[in-house]
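In: predicted model follows, preceded by the sequence.
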Amino acid sequence: GAGVSQTPSNKVTEKGKYVELRCDPISGHTALYWYRQSLGQGPEFLIYFQGTGAADDSGLPNDRFFAVRPEGSVSTLKIQRTERGDSAVYLCASSLGAGTMTGELFFGEGSRLTVL
Amino acid sequence: AQKITQTQPGMFVQEKEAVTLDCTYDTSDPSYGLFWYKQPSSGEMIFLIYQGSYDQQNATEGRYSLNFQKARKSANLVISASQLGDSAMYFCAMRANSGGSNYKLTFGKGTLLTVNP
């Protein structure tokens, strides 16, 4: 497809388990972002990739969260030892570059994570 | 630090009428961008409109216009001729356009718009 693709769309897991969320950005987009949206809130920034490197991971809440983008395209957000408070929708977005004229981000439909 | 405030948790509008969704912001950045996104029940965030802080004119995109009042630090979204398909959550967001964090969007809490037939 032409848009940002995220899998799985829904993930239910138990407290303490490990989870991986995948994002396939729009082809040719060098910038990739992860945001987290808790119930009743707007999205909150987690991490930004420019190419393969994480240019800013200051939004990751703690060291249980990690993200990679090894070939500069697909990205995986990894959460270790999940906690109930990690339950949220994880949104991925991509753009041609950061800080462009409009900076339009194209978002996926998100991965809804529920930790029981 | 940047902050976006959307004071309307929910709004109702009659089909074919216009509606204004409020957004105020706070920033110390001299150059910044303001965005509106629509989030239907599918969850995808859809970009609607952008306003740069130095733009002289208010942005317009089809039925969407952004009422930018810089002195009041407000960036209200106006939707004209509402349609049933406009029912969704609407988020105001901002980003610094200079400095080292010109990629990071700060979002408000959103406004749930319901269009009645």
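Out: Great, that's in hand.

In: low-confidence ranges in the chain?
Out: You didn't say which chain, so I picked chain A. Per-residue confidence for chain A (pLDDT under 70) gives these ranges: A:1, A:97-103.

In: let's see it at 90
Out: A:1-2, A:28, A:51, A:53-55, A:95-105 (pLDDT under 90).

In: show me what from chain A comes close to chain B.
Out: Chain A comes close to chain B at residues A:3, A:31, A:33, A:35, A:40-45, A:48, A:55-56, A:59, A:89, A:91, A:93, A:98-99, A:101-110, A:112, as judged by CB under 8 Å from any CB of the partner chain. Quick note: C-beta positions are derived from backbone N, CA and C, even for glycine.

In: in helices, which of those residues appear?
Out: Taking DSSP state H as the definition of helices, those contribute nothing to them.

In: what's the ChimeraX line that selects buried ones from the residues you listed?
Out: This is the ChimeraX syntax for the buried subset of the residues of chain A next to chain B, where burial follows 16 or more other CB atoms under 10 Å in any protein chain shown:
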select /A:31,33,35,42,43,44,45,48,56,59,89,91,93,98,99,103,105,106,107,108,109,110,112
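
In: what's near enough to touch the most centrally placed residue in chain A?
Out: Central residue of chain A (CA atoms, centre = their mean): A:Trp34, 3.1 Å from the mean position. For A:Trp34, the contact set (CB atoms under 8 Å, 6 or more residues apart in numbering or on different chains) comprises A:23, A:46-47, A:67, A:75, A:77, A:90-93.
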